[in-house]
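S.K.: 3D model of this:
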Amino acid sequence: MKHLFIVNPMAGKGKTAAVAVPEMERACKARGLDFEIHITSGPGEGETYARKIAERGEPVRIYACGGDGTLYDVVNGAIGHDN
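M.R.: Model prediction:
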């Protein structure tokens, strides 16, 4: 199963990408996970990307990394897909 981290780089006063992303990479590699980290480019882009991945139909876990706006986007992109 693929693990997809959708990261808002502006979250945490801009520190999320600098601090959390390397830790995500380290933890996933240490566990041998199939993963991808996607850094969003602006509002709504997380929704578009989550939908694109969910539409593939492959098993996936999507993690919204940011604030409530990021979570809103990711949920709206993934909703309605069984995977």
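
S.K.: Lowest mean pLDDT among the helices and strands of this structure, which one is it?
M.R.: When the helices and strands of the chain are scored by mean pLDDT, DSSP states H and E, helix 16-30 comes last with a mean of 91.

S.K.: Tell me which strands the helix or strand following that one pairs with, and in which orientation.
M.R.: Downstream of helix 16-30, the next assigned helix or strand under DSSP states H and E is strand 34-39. Sheet pairing of strand 34-39 (DSSP bridges) gives strand 2-7 (parallel).

S.K.: The strand it pairs with: how far from the chain's middle?
M.R.: Relative to its chain's centre, strand 2-7 lies at 4 Å (Cα atoms, centre = their mean, to the nearest Å).

S.K.: oh, and call the first residue 24 from now on, that's how I've got it
M.R.: Got it, the first residue is 24 from now on, which makes the last one we talked about strand 25-30.

S.K.: ok, residues contacting the least confident helix or strand of the chain?
M.R.: Residues outside helix 39-53 that contact it (Cβ atoms under 8 Å, 6 or more residues apart in numbering) are 26, 28, 30, 31, 32, 33, 35, 58, 60, 62, 88, 89. (C-beta placed from N, C-alpha, C; glycine too.)

S.K.: Narrow those to just the buried residues.
M.R.: 26, 28, 30, 31, 32, 33, 58, 60, 62, 88, 89 (16 or more other Cβ atoms under 10 Å).

S.K.: Cross-check the contact I'm expecting between residue 27 and residue 84.
M.R.: Yes. Counting by Cβ atoms under 8 Å, residue 84 is a contact partner of residue 27 at 7.0 Å.
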